[in-house]
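Engineer: generate coordinates for the sequence data below:
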Amino acid sequence: MNVSLTPKLEKWVQEKVKTGFYTSSSEVIRDALRVLYLFEEEKVKKFENLRGDLMVGVEQLKTGKSQTFDKKLVTRIKREGRKRLDG
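Structural biologist: Below is the predicted model:
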């Protein structure tokens, strides 16, 4: 497989090899791809969790377990959050 890099990325890869931490440019690219892979996996998990949280909210709305989002609620949320931080 051949990969073309921009001059800026090519220079960055070469600098990584020069540090001695990597023995070749291929090693730098593999490591970078590994990090990208893990980042994207984590992003998918976060979106799945967000979807689940949204579905909980939708169900709460359907069953009447919701509140009006007003200044009073914001004040209560802040107070409870501060208690958690202090606790």
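Engineer: for the rest of this, base every contact and every neighbour count on C-alpha atoms.
Structural biologist: OK.
Engineer: could you pull out the strands in the chain for me?
Structural biologist: Residue ranges of strands cannot be listed for the chain, since DSSP state E assigns none.
Engineer: most distant residue from the middle of the protein?
Structural biologist: Distance from the C-alpha centroid of the chain, by C-alpha atoms, centre = their mean, peaks at G64 (31.9 Å).
Engineer: which helices and strands does the top helix by length along the chain pack with?
Structural biologist: In the chain, ranked by residue count with DSSP state H as the criterion, the top helix is helix 25-62. Other elements packing on helix 25-62 under the criterion 3 or more C-alpha pairs under 8 Å, 6 or more residues apart in numbering; DSSP states H and E are helix 7-18.
Engineer: contacts for the helix it packs on, please.
Structural biologist: For helix 7-18, contacts defined as C-alpha atoms under 8 Å, 6 or more residues apart in numbering pick out Y22, T23, S24, S25, V28, I29.
Engineer: got the contact list for the first one?
Structural biologist: Put plainly, it is Y22. Remark: with contacts taken as C-alpha under 8 Å, 6+ apart, Y22 is in contact with K16, V28.
Engineer: for L5, see how far away it is.
Structural biologist: Y22 sits 18 Å away from L5, going by C-alpha to C-alpha, to the nearest Å.
Engineer: how about D86?
Structural biologist: 49 Å.
Engineer: more crowded one of those two?
Structural biologist: Between D86 and L5, counting by other C-alpha atoms under 10 Å, L5 is the more crowded of the two (10 against 7).
Engineer: so what pLDDT did the residue farthest from the centre of the chain get?
Structural biologist: If you check G64, the pLDDT there is 94.
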